[in-house]
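Peer 1: Have a look; sequence and predicted model below, questions after that.
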Amino acid sequence: MSTGWAIMANTQHLPGYCILMYDGDADQLTELPVDERVAFMRDVVLLGEAVERACRAVDSGFLRINYEVLGNTWPHLHGHVHARYWWEPEELRIGPVYLYGAQRADPQHQLDSRHNDLRTRIAESLRQVLDEN
């Protein structure tokens, strides 16, 4: 991507969770010139579109994409792309992903070969989205 690297997150408690890692030295958006901020956010949105396409194709329970740029615990600019699903418990579905707490890091949700098909679909969708834009 033009401003960073799209990666599939280590935890897949919500399948399709991806991160855009900024390819530069910045802790937060305001450290970048305005045009670079806009480019980074554009890349986050394009990654989200790719994740949406892939997740919608493999899970009829797909609902939407949530976006976050937090930087609270890791001082390097990055954006989170969370796929959200109708099958999530309502009290968690209607709030931010952090409400899942420690269960997000449960070993059963770790990225592994079970996610190869989804990872391939996201990569293919990302190539298509980038070609279209």
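Peer 2: Thanks, I have the structure now. Numbers count the residues shown, from 1 in each chain.

Peer 1: which parts of the helix or strand of the chain with the lowest mean pLDDT are buried?
Peer 2: Scoring the helices and strands of the chain by mean pLDDT, DSSP states H and E places helix 90-93 at the bottom, with a mean of 93. By neighbour count on 16 or more other Cβ atoms under 10 Å, the buried set for helix 90-93 is empty. For every residue, glycine as well, the C-beta is placed using N, CA and C.

Peer 1: Phi, psi for the residue lying farthest from the centre of the chain please.
Peer 2: The centre of the chain is farthest from one residue, residue 33, which by Cα atoms, centre = their mean lies 23.3 Å away. Main-chain torsions, residue 33, degrees, to the nearest 10: phi -60, psi 150.

Peer 1: is the most centrally placed residue in the chain in a bridge, and if so with what?
Peer 2: The centroid of the chain falls nearest to residue 81 when counting by Cα atoms, centre = their mean (2.2 Å). Following DSSP bridges, residue 81 is listed with bridge partners residue 18, residue 67.

Peer 1: right, and it touches residue 51 too?
Peer 2: Yes: look at residue 81 against residue 51 with Cβ atoms under 8 Å: they come within range, at 5.2 Å.
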